[in-house]
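Trainee: sequence and predicted structure are below.
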Amino acid sequence: MSITSRAGLGRFVRRREEANAEFATTVLAGLSEAVVVADAAGRVVLFNGAAERLYGVAAADVTGRHVADVLVLPDEADRWPSDPEAVQLAGGPLLLARHRHRRADGTVFEAEVSLSPVRDPGGAVVGVAGVVRDVTALRAQQAGAAALHAIFDASAEAIVGVDEHDVVRFFSPAAERLYGRRADAVVGGSIWQLTGDHPRLQARDLRADVHAGRTVHRETVIRRDDGRRVAVHLTGSPIIGPDGTYGGAVITGLDISIRRRAEREATRARELLQRVVDHAPNVVWFKDREGRCRLVNRQGAAALGRKPEAVVGCTDVELFGPTAGARIRAEDRQVMESGVPMTFAKDVPIRGGGTRSYLMTKFPIPGGDDAPDGVGVVASDISVLRRGEADSARLAALVRAAPEAIITEDADATIATWNPGAERMFGLPAAEAVGRPYDEVVVPPGERDAYRALRTRVLAGQTVTVRMGGRRADGSIFPTEVSTAALTAADGSRTGAVAIVRDITELTETELDLRERAGQLERSNADLEEFAYAASHDLQEPLRSIKMGAETLLHAAAGRLDEEERALLAHVDAAAARMSAQVAALMDLAQVALGEGPDTLVPVQLPLDDALNGLRAAIGEAGAVIEVDGTLPCAAVPRAELTLVLQNLLANAIKYRRPGQRPRITLSGTVAGDHVEVRIADDGIGLAETDHSHIFTIFGRAHPGASGTGMGLALCRRILERRSGSISVVSAGPGLGSEFILRLPAGRRA
């Protein structure tokens, strides 16, 4: 750092002691602010290092020169008082603000100068000392702050500044308008006075995020002092100090009520447009300039076998393939270039193969630059119409080729059409039948009243099939089956009827023959059942004799017979017993076939009690637990027959229990329409799936080694089927139990 010579300084402060001058020189040289000292004539006598750096000039180059010549702009030279008395008169120190100075390189800066008089020991002013500060940045900052305040004042967004203690320090005019409060009533208070009770939790969440140094956005609803609720978008931005600590936040709020209302209205408009488009009977499609789908209704998406969201965003090439897509794209360009709607009829390929026929109108969609912004398409599916034309041709061919007589009549019962089948059946050409009354040509005289009643039912909307006589042109009568229905116009009115007439001469003869054969078969079955009962009854006597003889011989000659002979007699006795049981079962089957139906309902609980009494010993021996879930309904099956069914099923459940386990059997019943359903579930050894139907046949067994005749379940099925009932079984498999389902007629109470 350079400074004026000590000799010069000594002359300037010649009345001071040398030690004080040295001290002053050292202090001034070390100051960080620029110091310029001038004598009474305004000549520079001291220029410290900070002044050298500020002005870009060495002290030696300015010492002895007038301050106004080297530091201040010419037009502002008079603002630097060169007369020390002027500074003294100002009462010093004197502050000069917005004073423009120049550097050695010619650049100009705005300075703030503090002037103080320099006095000798006697108090006389001998010079002026000035401290110069560059305030260019400060002035720019002040100007920026003023501009910022102006921006804040004009901003549509409410701006609220808070310090690190959540105290409001700034409240913009827009904030006053948004919250309905004056700034002087808010500034200095807590930010929480603005939140109210309802959104306070949300506001505290926002505060936590801002304190963490994050800028956050929230949409919420505030309540003004006048009670009005306003939807706002809040943005909280943290103010972080140089040391990284939180120093407060700036919170902006924008009233979005109008925007939300506009968004809701726009959404409703879009939804309404989409709803209208979706419910349009035609295909509606909008594409942009590049041919990419922007909107499609459900009809259009369904035509492609897709959902609308899977179509939007796709091009024609992506939807229809390169060949068809290129052709469609060329049509779209033609429509946009012409600027007028055009109509095309074409077959469009659909997803999964095949095509659909459409009649489509394409029109340009105007854009903001007067050029088309895309293409709209409204298409009608005419596939049904084309198929209808083809179907009509096929139907006419079928009517001509049909062997039945197909006849239509108009509203006056006059024949309108008469197909070749009618010509053959009635022996009358169409030219002689069309235009004549239907009943006069087709119906025998004795059945015309019945025909008119039938026609009334048909014109009322019924489809009727009846048997009645037909009359040929030669007057002969033959049996027919007539199916007739009304012909209906588009407005729902009846315009006539169509009748399909079949010659059932052979059918009636066959039915008569079948009835005769059925009667013969019924008589034969009855004879067989009576024979089976009689034969079974007669077989019991010799079987009893064989069994009795074997038992007598075994007891009378027990001492004379060896072991093998006794075993043989025991085998004869057991075989006779088994055969006797099987014959008895056959007698039961025959009795069931010959039995009569019940006249009254029987509570299922009564035959269940009878069955339990008959199985008391078996139940006690096995320790069986038999439960009834709820109340059993009534059924139209004789008590004795239902007892036999239940006894067979319960006996099987006890017999086929799992080894070492007490059987548990549960019965339940429900009424379903005209039938009663009774379920018998057990926890026994279960059944394989292949046995579910086999066990209901005569001698059918799921477990061949088990005792019994093998006819119990066959008897149960025969009993129930004779009473219009049924029996079935379900089982999850071996070891998982079984459930038998009885479907019994509900009948009617006496």
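Mentor: Alright, I've got the coordinates. Residues are numbered from 1 along each chain as shown.

Trainee: CA atoms for contacts and neighbours, from now on please.
Mentor: Noted.

Trainee: remind me which residues of the stretch 651-750 of the chain are low pLDDT?
Mentor: Of all residues in the stretch 651-750 of the chain, those with pLDDT under 70 make up the ranges 693-694, 698-711, 747-750.

Trainee: for it, which segments are assigned as helices?
Mentor: 712-722 (DSSP state H, counting those that start in this stretch).

Trainee: again, but for the stretch 401-550 of the chain
Mentor: Taking DSSP H, counting those that start in this stretch as the test, the helices found in the stretch 401-550 of the chain are 420-426, 430-433, 438-442, 448-459, 505-556.

Trainee: which of the ones you listed has the lowest average pLDDT?
Mentor: Sorting those by mean pLDDT places helix 505-556 lowest, at a mean of 68.

Trainee: who's in contact with residue 298?
Mentor: 278-279, 283, 307-308 (Cα atoms under 8 Å, 6 or more residues apart in numbering).

Trainee: state the distance from it to residue 166.
Mentor: Note on residue 298: its distance to residue 166, by Cα to Cα, to the nearest Å, is 55 Å.

Trainee: repeat that for residue 180.
Mentor: Applying Cα to Cα, one obtains 20 Å for the distance of residue 180 from residue 166.

Trainee: next: residue 318.
Mentor: From residue 318 across to residue 166, the span is 58 Å (Cα to Cα).

Trainee: more neighbours, those two?
Mentor: The neighbour comparison of residue 318 against residue 166 (other Cα atoms under 10 Å) goes to residue 166, with 17 against 12.

Trainee: the more buried one reaches residue 194, doesn't it?
Mentor: No: using Cα atoms under 8 Å, residue 166 is not in contact with residue 194; the gap is 11.6 Å.

Trainee: mind listing what the residue nearest to residue 416 when sequence neighbours are not counted touches?
Mentor: Nearest residue to residue 416 in three dimensions, chain neighbours excluded: residue 409, at 4.9 Å (Cα to Cα, 6 or more residues apart in numbering). For residue 409, the contact set (Cα under 8 Å, 6+ apart) comprises 415-417, 438, 496-498.

Trainee: now with 7 Å?
Mentor: 415-416, 496-498 (Cα atoms under 7 Å, 6 or more residues apart in numbering).

Trainee: circling back: most neighbours among the contacts of residue 298, please name it.
Mentor: When the contacts of residue 298 are compared by neighbour count (other Cα under 10 Å), residue 283 ends up highest, at 23 neighbours.

Trainee: so the residue lying closest to residue 129 once chain neighbours are set aside, which state does it fall into?
Mentor: In space, and not counting its chain neighbours, residue 129 is closest to residue 37: 4.2 Å by Cα to Cα, 6+ apart. Three-state assignment for residue 37 (DSSP: H, G, I helix; E, B strand; the rest coil): strand.

Trainee: what of residue 165?
Mentor: Applying three-state DSSP: residue 165 is coil.

Trainee: below-threshold pLDDT in the stretch 251-400 of the chain: ranges please.
Mentor: Residues of the stretch 251-400 of the chain that meet the criterion pLDDT under 70 lie in 262, 266, 269-270, 273-274, 276-278, 349-354, 368-370, 383-395, 398.
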